[in-house]
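1. kindly generate the corresponding structure for this input.
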Amino acid sequence: MSKKIILLAGPTASGKSKLAIRLAKKLNGEIINADSMQVYKEFSILSSRPNNNEVKKAKHHLYGFISAKKYFSAGDWLKIAKSKINQCYKNKKIPIVVGGTGLYFNTITRGISKIPNIDQKTRNKVRNLFKKIGYKNFYEKLVNIDPKAKNRILPTDSQRTQRAYEVILKTKKSLFDWTINTKSDFINFEIKKIFINTPREELLKKISIRTELMFKDKCIEEVKNFNFFKLDKSLSINKLIGVREINDHLKGLISLEQCKELINIKTRQYAKRQNTWARGHMKNWNKLYSKDFSVLLKKTLKVIS
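-> Okay, the predicted model is just below:
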């Protein structure tokens, strides 16, 4: 069999998981997660991880396998995803990489920089500085020592700002200097790239429906359980939409309806950022959509064949 990898991306709530499962059944494939929040054990509802019924329909990899207490980078993901892709071929299966994290897809299509390992002492120093001075002052410090980070990383992206800071502190080179001349580890593969291009109004409806389902599935209990861990606030899992909003509701600061609406607003904003990323970084991807799922499946199969 030819070495084919199917990459299936799209904004949150666009129906990627459903399409991936149908493709896996049609093509004798296995699904590999490319969503940075779905890797964590602690959240299955708020991260919209495939449920037990969906997982039974096709083999799934890299879902809920790591603790939220651990730092997990795009490089860490690539290393494990590469192993899973090779494992698929040994088992004569087609790997279907599905998710909404653009950076993960970039590591497959463009490669990743070979930044030296950052020691724990340096990492802790950066984390402590971030906690001490806050994200705004931290971002100013970062731009001061690494001007190339300006306009390339958002001040609110705590994980990437800290990453950029620790890299220049340890290596004396900008994170963006390390990304020059990177190349993909998959140049010998036939990569099929599909982006589900759901119209805005349709996506807004799907987001609202999914938020309601999350609350029916007891996402509040999920957050209560997570709170027992008392994790470092700088860890990326705290950015998961719904954690802060549900905690504000539990504290009596907002009503349940306000909580749901805030989650809807933030999810819509996130979907917009994902679409913006796709326009900038996925220009040569196949942008597909149909309200009729069977038509979307046919379009996708035509691109893949």
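2. stretch 87-98: end-to-end distance?
-> End-to-end span of stretch 87-98 (C-alpha to C-alpha, to the nearest Å): 17 Å.
3. er, stretch 179-188 actually
-> With C-alpha to C-alpha, one end of stretch 179-188 sits 21 Å from the other.
4. how far does that stretch sit from the chain's center?
-> Mean-position distance between stretch 179-188 and its chain equals 20 Å (C-alpha atoms, centre = their mean, to the nearest Å).
5. quick one: contacts of it?
-> The contact list for stretch 179-188 (C-beta atoms under 8 Å, 6 or more residues apart in numbering) reads Lys3, Ile5, Leu78, Lys82, Ile85, Ile108, Thr109, Arg110, Gly111, Ile112, Ser113, Lys114. In this view, the C-beta of every residue, glycine as well, is placed from N, C-alpha and C.
6. if we use 6 Å, what do you get?
-> With contact meaning C-beta atoms under 6 Å, 6 or more residues apart in numbering, stretch 179-188 is reached by Ile108, Arg110, Gly111, Ser113.
7. repeat that for stretch 251-264.
-> By C-beta under 6 Å, 6+ apart, stretch 251-264 touches Ile207, Ser208, Thr211, Ile241, Gly242, Glu245, Asp248, His249.
8. name the residues of that stretch that are buried.
-> Ile254, Cys259, Lys260, Leu262, Ile263, Asn264 (16 or more other C-beta atoms under 10 Å).
9. same check, this time on stretch 191-204
-> Buried positions in stretch 191-204, judged by neighbour count with 16+ other C-beta under 10 Å: Ile191, Lys192, Lys193, Ile194, Phe195, Ile196, Asn197, Thr198, Leu203, Leu204.
10. picking up where we left off before, most neighbours among the contacts of stretch 251-264, which one?
-> Neighbour tally across those (other C-beta atoms under 10 Å): the maximum, 24 neighbours, falls on Gly242.
11. find the nearest non-adjacent residue to that residue, please.
-> Leaving aside its sequence neighbours, Gly242 sits nearest to Leu46 (C-beta to C-beta, 6 or more residues apart in numbering; 4.4 Å).
12. from the buried residues of stretch 191-204, which is closest to Trp277?
-> For the buried residues of stretch 191-204, the closest approach to Trp277 (C-beta to C-beta) belongs to Phe195, at 10.1 Å.
13. hmm, who's touching the helix or strand harbouring the closest one?
-> Using DSSP states H and E, Phe195 falls within strand 190-196. If you take C-beta under 6 Å, 6+ apart as the criterion, strand 190-196 is touched by 2, 4-10, 14, 278, 282, 285-288, 300, 304.
14. could I get the contacts of stretch 179-188 in CSV, plus columns for secondary structure, pLDDT and distance to Ser73?
-> Converted to CSV, these look like this (DSSP: H, G, I helix; E, B strand; the rest coil; pLDDT from 0 to 100; distance: C-beta to C-beta, whole Å):
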residue, secondary structure, pLDDT, distance to Ser73
Ile108, helix, 96, 15
Arg110, coil, 90, 16
Gly111, coil, 91, 15
Ser113, coil, 81, 11
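15. relative to Gln274, which of those is nearest.
-> Ile108 (16.9 Å).
16. quick one, grab the pLDDT at Met1.
-> pLDDT, Met1: 54.
17. what is the burial count for Asn144?
-> 10.
18. just the element for it, please.
-> Going by DSSP H and E, Asn144 is part of helix 120-145.
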